[in-house]
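> here's my sequence, what's the structure:
(chains A and B)
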Amino acid sequence: MSLELISLTLRNFGPYYGESHLEFAAPGEHPLTLVYGENTLGKTQMFNALRWSLYGTWNGARGAQPTATELENRFNRRAHREGEDEMSVTLRFSANGKNYDLHRSASGFATGAARQAADLRIDSDAIAANRIPAEIGNLLHPQIADFFLFDGELLERFFERLRTTDQRREIRNSIDRVLGVPALQRAYDDIAEMTTTAGLAAAKSMKAGNERTRVQAEYKRLSSNSISIQKDLTGLHASLGRVKLDLATKSEELRSVDALKEDAKQLEHLEARLADLKKDDEAGKIALQGLLTDGWFSVALKGVSAALTRTKTELEDAQAQREVHDALQLKVRTLEARIHGGSCEACGQVLPPPDATVYADLETTRSELAALGNAVDMLSIIERERQLQKVFDDRTVKLYRERVNSLHRARLGRTETQREIDDINVRLAEHSAPAIRSLAAVVESLKQQLEDHGNKIELRSLDFQGVQADLAKLATKLGRLPSVDPKPAALSAFYGYLADAFDNSIQEYRNSVREAVQADVTDQFKRLIRDPQAYGEVKIGADFDMQLLDPHGRERQTSEGGRQLLALAFIGALKRVAVRGGPVILDSPLGRLDKEHRSNVLRTWIPQLGSQASLFVQSGELTEQEAASIVGDIVGAEYRLVRPDRDPENVVIERIGRAS
Amino acid sequence: MSDDKVQIGLGQDADNALKALVDQGIFPNEGVGYKFGVAYALSLGTTPEEVEIIGNKTKFAVAGLDPDGRLSILITTFLPDSDRPYWAAEKLADWGLRDLARRLAAHEDLAEIMEQAVL
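Numbers count the residues shown, from 1 in each chain, chains lettered A, B, ... in the order given. Next up, the predicted model:
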């Protein structure tokens, strides 16, 4: 898709009074069109006319549409004075095998409200006015115009713009446009849209499928749940059966030993009683020992008692003898007192004088006293009695008997208790009280388990019924769901894959192009520069930021002219990798370059563009002779701008010949 | 009584009997059993002269065995002519304990034996 300029016709545009016409050199061996013109003669106006024809503005390809005043200022004053009311530019070109006739005009100057209009015909077919920008944009988008239609000023600012982030982004977008990335992006967008459309179709188709899958999954889950519940129920019923059996066995066992429960209680009571009796027995033994400790001599009571009796008798006899003795002694003393005159010992009365009997009586009494002898030693008898009393014990034997009898009775009771205990133990046999209590606890536990199992079975049965009902509903639902068409899903997946692959390809393409541009720029720049050995390479980043490096990889600064050469090299490289070919039109691009570099540009850069190129130059840049000498072999058309009548409002495009 | 014994004992059999009676819990200790044996022998009219001790073994000091003199009183009560009551006690205890052991071994009980003695 290469655009080829055919001709340019100006009418009352700027200094071009009336109609001026220019035919571009055709691509091929002589693609270069040269337009010579000194300053103010109209090179830039011609350049602007080209821009205006294409994009409706000369304020840069992406500038705003000119106002009425700006249109009026651009309108040739001579024509205006002569009553003309229209200026126009007609650009004829071909692309894709079709002829384009683009006519841009402005009129209404007489009313002071000039308006512009455009007319495009493709192979004579008129294109709607609102479609013209799109048609032109498809061939030479405004964003890439900077790389195809540029003047010296743009060339000077190009390098600076690359160093400014915002400007670089704008240039990068333009570069993308040159490289066809937006087209690729649009293709990607189209594919993405197709993916979305297919996805929607697939989603619609899959919705039913998903629902079926979801319902099937739910059915499967519920079926699994149902089986699980059935297993639970089976297990619970089995467990319930075992518990019932255990409960019956244990209950029967417990009933059989219910009677023994009382025995067990009685046994505990008897065992406590037996323990008490054992204590009593021990206490009884100790008491018996105590009786013997205090009354060991009691066994001799018979002999002691007899001795004591004898001693008491002896004492009584002695007492009686003493009383007789004392009475006889008193009588003797009384009789002797009567004889000797005295008083009574007892009452103190004076005794009567003795008579004859007194003496006889005294003699008799003395004889009796003598016959009685001395008085018995009562103290020794009393002492003996006291000693006997120490070993006299008539209580211990009786107490011992009583205690022994009591102990025997207690032992009988103990024996009876032990016998009862033995009897109970026989009855209890293997059923100890703790075992019986444990059995009762087991029965209670089994009853609780039975209740728990019943509750669980009831709950799980309800679960089972619920799941079965849900399964029935799902089965009905499954029967009503439509079958699934797999094609939309496959198509959606394919488009999705394609979109991803395309997106990756765009990135790869961008990277590969950037690498190609980097290599080409470096090569071009070294061809254009006077001292290529002083430079290493031109590094172009992912964002198309540019760095000029020395042979050692360090960044290197260059002159203003060097920067212009760098910009030209970059534009040339872009031109070669651009997906859309097209002409290059340069307005005074060589002003800052010295003769050698201008020569380099013309000799190496222009021919490598590979398609049409048009140079608008003044003599300071390139004279007709220099052009003939340097690029004479590729020049296809040469024009000279002249003022035939020195009127600045009347510039004429004069064709000066064609090189061979 | 100046030549009476100050340490007294038992023959082997009587000593064995005394130990057995203490072990059976009849007497709280050998001293009580020893003195009971004397009283028992006296109650049955036993005299020391008729007792022959074989293998005499000293067991008690008199002062410790009879601090209140009751043993001596009892012996002299039954044997007023005895001037060596502790010598007599040794003989009487030996006989009494052996006889008591014999009777108890024959399933007589002590209470009955005592009752018979005092009747």
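> now do residue A:531 against chain B, distance only.
Residue A:531 sits at a distance of 139 Å from chain B (criterion: CB to the nearest CB, to the nearest Å). All C-beta spots, glycine's among them, are computed from the backbone N, C-alpha and C.
> chain B: helices as residue ranges?
Along chain B, counting by DSSP state H, helices occupy B:12-23, B:30-43, B:62-65, B:70-78, B:85-105, B:110-118.
> which of these sits most buried?
Ranked by average neighbour count under the criterion mean count of other CB atoms under 10 Å in any protein chain shown, the helices of chain B are headed by helix B:30-43 at a mean of 26.
> surely residue A:22 is in a helix?
No: counting by DSSP: H, G, I helix; E, B strand; the rest coil, one finds residue A:22 to be strand, located in no helix.
> next SSE downstream of the host helix or strand of residue A:255?
Residue A:255 is located in helix A:181-256, with elements delineated by DSSP states H and E. Next helix or strand after helix A:181-256 toward the C-terminus (DSSP H and E): helix A:258-295.
> next SSE downstream of that following helix?
helix A:301-340.
> I'd like to know which elements that following helix is packed against.
helix A:356-372, helix A:378-390, helix B:30-43, helix B:70-78, helix B:110-118 (3 or more CB pairs under 8 Å, 6 or more residues apart in numbering or on different chains; DSSP states H and E).
> quick one: the helices in the stretch 51-200 of chain A?
Counting by DSSP state H, counting those that start in this stretch, the stretch 51-200 of chain A forms helices over residues A:68-74, A:77-81, A:132-139, A:152-163, A:165-179, A:181-256, given from the N-terminal end onward.
> in TSV: those helices, plus mean pLDDT, mean neighbour count and distance to residue A:607.
What follows is these, written out as TSV (pLDDT from 0 to 100; neighbours: other CB atoms under 10 Å in any protein chain shown; distance: least, CB to CB, whole Å):
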stretch	mean pLDDT	mean neighbour count	distance to residue A:607
helix A:68-74	90	16	34
helix A:77-81	92	16	39
helix A:132-139	86	16	24
helix A:152-163	72	17	19
helix A:165-179	70	18	20
helix A:181-256	81	15	27
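> which residue packs closest to residue 36, ignoring adjacent ones?
Unless you meant another one, I'm taking chain A. Of all residues beyond its chain neighbours, the one nearest residue A:36 is residue A:640 (4.9 Å), with distances taken as CB to CB, 6 or more residues apart in numbering or on different chains.
> you answered for a different chain; I wanted chain B.
According to CB to CB, 6+ apart, the nearest residue to residue B:36 is residue A:296 (4.3 Å).
> quick one, grab the pLDDT at that neighbour.
The model reports residue A:296 with a pLDDT of 95.
> swap in residue A:416?
pLDDT for residue A:416: 90.
> do residue A:257 as well
Residue A:257 is assigned a predicted lDDT (pLDDT) of 68.
> got it, and residue A:341?
83.
> ok, now which ones touch it?
When contacts are counted by CB atoms under 8 Å, 6 or more residues apart in numbering or on different chains, residue A:341 touches A:350-351, A:353.
> output those as TSV; include the columns neighbour count, secondary structure and pLDDT.
Formatted as TSV, the entries for the contacts of residue A:341 read as follows, by neighbours: other CB atoms under 10 Å in any protein chain shown; DSSP: H, G, I helix; E, B strand; the rest coil; pLDDT from 0 to 100:
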residue	neighbour count	secondary structure	pLDDT
A:350	11	strand	84
A:351	18	coil	84
A:353	9	coil	85
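> so which of the residues you listed is the closest to residue A:267?
residue A:351 (95.6 Å; CB to CB).
> without its sequence neighbours, what residue ends up closest to the closest one?
Leaving out its chain neighbours, the residue that sits closest to residue A:351 by CB to CB, 6+ apart is residue A:338, at 4.5 Å.
> what about that neighbour, distance to chain B?
For residue A:338, the distance to chain B equals 47 Å [CB to the nearest CB].
> surely that residue touches residue A:353?
Yes: in this structure, residue A:338 sits in contact with residue A:353. The criterion is CB atoms under 8 Å, and the distance is 6.9 Å.
> can you tell me, leaving aside adjacent residues, what's nearest to the residue positioned nearest the centre of chain B?
In chain B, the C-alpha closest to the average C-alpha coordinate belongs to residue B:93, at a distance of 2.1 Å (CA atoms, centre = their mean). In this structure, residue B:93 finds its nearest non-sequential neighbour in residue B:37, 4.2 Å apart by CB to CB, 6+ apart.
> ok, residue A:428 touching residue A:263?
Yes: checked against CB under 8 Å, the pair residue A:428 and residue A:263 is within contact range at 5.8 Å.
> when these two are compared, which one has more neighbours?
With other CB atoms under 10 Å in any protein chain shown as the criterion, residue A:428 and residue A:263 differ in neighbour count, and residue A:263 comes out ahead with 21 against 18.
> pretty sure that one contacts residue A:429?
No: checked against CB under 8 Å, the pair residue A:263 and residue A:429 is beyond contact range at 10.5 Å.
> where does residue A:34 fall, phi/psi-wise?
Backbone torsions of residue A:34, given as degrees, to the nearest 10, read phi -110, psi 130.
> quick one: residue A:254 from chain B, how far?
When distances are taken as CB to the nearest CB, residue A:254 and chain B turn out to be 46 Å apart.
> please apply the same query to residue A:214.
For residue A:214, the distance to chain B - CB to the nearest CB - is 96 Å.
> get me the contact residues on chain B for chain A.
Selection of chain B residues close to chain A by CB under 8 Å from any CB of the partner chain yields B:25-28, B:32, B:35-36, B:39-40, B:42-43, B:68-71, B:73-74, B:77-78, B:109-111, B:113-115, B:117-119.
> how many neighbours does residue A:97 have?
Other residues within reach of residue A:97, judged by other CB under 10 Å, total 7.
> what is the neighbour count of the residue of the stretch 151-300 of chain A found nearest chain B?
With CB to the nearest CB as the measure, residue A:289 is the residue of the stretch 151-300 of chain A nearest to chain B, at 3.8 Å. When neighbours are defined as other CB under 10 Å, residue A:289 has 18 of them.
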